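Q: no FASTA, just this:
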């Protein structure tokens, strides 16, 4: 079983975005990703620009918040991305971060109950698959038991939306819940939290985490600084849990380069 890697980039300017997306493709990343929040650029037009600047790398929001858009609007935008990227778009989608309710309100959209948001997500996925050619792979972000169960029924891949302090047991439990609700050979994605003593700015400054604190908590997303040790961990999780995709914050890509080179 192979491993693949995505890089999460937030655009700062048009020229910088073109440079960064082309660099990611050259470095061997499988996918370019960016978040869907009101304090970062809208992901769909950014991915359209990335499609024009690259030739092979895949393009995925990480992840579209389903409550931000109605179903028909999402279908229209996904169809445009598939056209402009020659079929390289992947639909990363979720029910919205816990703090996304206020952002949804600013967009004039209903937040809804957790059950309503899950229903909206399932309806959106079904509509995209029915209307977009070729249908994009669907990656659903999930963390709680109900969302994991719902994702397992429709997703091509599940992004394990675990917090920075999540342990290996937390990941194992999430994988088990998903597998209990499908007989398909579903694959999983997780996000890199840090490498050695390096954390992304957001993790360290917004959430106040430290490498020492994460190590003390047994955070599985914090890889050791030694590439050989990190590679061993990734291969173990791939073989045991089918976690065969890792998302790398752009800030950590220099430190991650020796690991990426190993799997190229």
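A: Arrived safely. Note that this is a predicted model, so its numbers are computed, not measured. Numbers count the residues shown, from 1 in each chain.
Q: so residue 37 sits in a strand?
A: No. Checked against DSSP: H, G, I helix; E, B strand; the rest coil, residue 37 lies outside a strand; its state is coil.
Q: Chain neighbours aside, what residue packs nearest to it?
A: Of all residues not flanking residue 37 in the chain, residue 103 sits nearest, at 6.7 Å (Cβ to Cβ, 6 or more residues apart in numbering). The C-beta positions use only the backbone N, C-alpha and C, and glycine is treated the same way.
Q: Ok, residue 34 next?
A: Nearest residue to residue 34, sequence neighbours excluded (Cβ to Cβ, 6+ apart): residue 43, at 4.9 Å.
Q: how near is that neighbour to residue 147?
A: Distance, residue 43 to residue 147, by Cβ to Cβ, to the nearest Å: 20 Å.
Q: By residue count, which strand of this protein is the longest?
A: strand 243-249 (DSSP state E).
Q: Against which helices or strands is that one packed?
A: In terms of contacts (3 or more Cβ pairs under 8 Å, 6 or more residues apart in numbering; DSSP states H and E), strand 243-249 is packed against strand 4-8, strand 157-160, strand 187-191, helix 227-241.
Q: Save these as JSON lines, and put in mean pLDDT, mean neighbour count and distance to residue 140 too.
A: Below are the helices and strands packed on strand 243-249 laid out as JSON lines (pLDDT from 0 to 100; neighbours: other Cβ atoms under 10 Å; distance: least, Cβ to Cβ, whole Å):
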{"stretch": "strand 4-8", "mean pLDDT": "98", "mean neighbour count": "22", "distance to residue 140": "15"}
{"stretch": "strand 157-160", "mean pLDDT": "98", "mean neighbour count": "24", "distance to residue 140": "6"}
{"stretch": "strand 187-191", "mean pLDDT": "98", "mean neighbour count": "22", "distance to residue 140": "10"}
{"stretch": "helix 227-241", "mean pLDDT": "98", "mean neighbour count": "16", "distance to residue 140": "17"}
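Q: For residue 255, find the nearest of the ones you listed.
A: Closest to residue 255 of these is helix 227-241 (Cβ to Cβ; 9.3 Å).
Q: which residue packs closest to the residue nearest to the spatial centre of the chain, ignoring adjacent ones?
A: Centrality entry for the chain: nearest residue to the mean C-alpha point is residue 62, 4.1 Å, by Cα atoms, centre = their mean. Distances taken as Cβ to Cβ, 6+ apart place residue 33 nearest to residue 62, at 3.8 Å, with adjacent residues excluded.
Q: State the distance from that neighbour to residue 49.
A: Relative to residue 49, residue 33 is positioned 14 Å away (Cβ to Cβ).
Q: These two: who's more crowded?
A: Remark: of residue 33 and residue 49, residue 33 carries more neighbours, 28 against 17, as counted by other Cβ atoms under 10 Å.
Q: Report all helices and strands that the helix or strand in which that one is found contacts.
A: Per DSSP states H and E, residue 33 falls inside strand 31-34. Contacting strand 31-34 under the criterion 3+ Cβ pairs under 8 Å, 6+ apart are the following elements: strand 4-8, helix 14-27, helix 43-53, strand 58-61.
Q: mind putting those in CSV, distance to residue 89 included?
A: Shown next, in CSV, are the helices and strands packed on strand 31-34 (distance: least, Cβ to Cβ, whole Å):
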stretch, distance to residue 89
strand 4-8, 13
helix 14-27, 14
helix 43-53, 7
strand 58-61, 5
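Q: just these: most buried one?
A: Most buried of those, by mean neighbour count (mean count of other Cβ atoms under 10 Å): strand 58-61, with a mean of 25.
Q: And the next helix or strand past that strand?
A: Counting by DSSP H and E, the next helix or strand C-terminal to strand 58-61 is strand 64-65.
Q: How far off centre is that next one?
A: How far strand 64-65 lies from its chain's middle: 11 Å, per Cα atoms, centre = their mean, to the nearest Å.
Q: who's in contact with it?
A: Strand 64-65 is contacted by residues 36-37, 43, 74, 91-97, 100, 103-104 when judged by Cβ atoms under 8 Å, 6 or more residues apart in numbering.
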